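A.B. asks: Structure of the sequence below:
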Amino acid sequence: MALPFGLALASGISLEIDDKKLDGTLQFNTCQAVGCLVPVAFDADTTPLLQNGTTLKIDAIAADTTQPISFTISLNGFGGALSRTADLSAN
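C.D. replies: Numbers count the residues shown, from 1 in each chain. Predicted coordinates for the structure are as follows:
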């Protein structure tokens, strides 16, 4: 996941699906021209939440103000895209 510059990298990020906070904090790996990267992998317990959810919220801390900042990603179409990916990989 690529996130914008200006975040407190040492704080990492946390994720929520429809206001359900996922366990743990994800750490930044590196920064490139597109932004700072956080490796993300979802386990089998999280995948159904993503398929049935409406929003994925990324919680971080702003580096300059130390204030919380959130980014929201729509999950509309995620379930269909995941099913289609599974169909394509089975062939």
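A.B. asks: Quickly find the element holding the closest residue to residue 52 other than its chain neighbours.
C.D. replies: Of all residues not flanking residue 52 in the chain, residue 79 sits nearest, at 7.0 Å (Cβ to Cβ, 6 or more residues apart in numbering). For every residue, glycine as well, the C-beta is placed using N, CA and C. Using DSSP states H and E, the element containing residue 79 is helix 78-90.
A.B. asks: could you say what helices and strands the helix or strand of the chain with the lowest mean pLDDT packs with?
C.D. replies: Lowest on mean pLDDT, DSSP states H and E among the helices and strands of the chain sits helix 78-90, with a mean of 87. When contacts are defined as 3 or more Cβ pairs under 8 Å, 6 or more residues apart in numbering; DSSP states H and E, helix 78-90 packs onto helix 47-52.
A.B. asks: so where's this structure uncertain?
C.D. replies: Residue ranges of the chain with pLDDT under 70: 91.
A.B. asks: List the buried residues in the helix holding residue 79.
C.D. replies: Across helix 78-90, burial judged by 16 or more other Cβ atoms under 10 Å covers residue 78.
A.B. asks: What is the neighbour count of residue 54?
C.D. replies: Residues within reach of residue 54, counting by other Cβ atoms under 10 Å, total 11.
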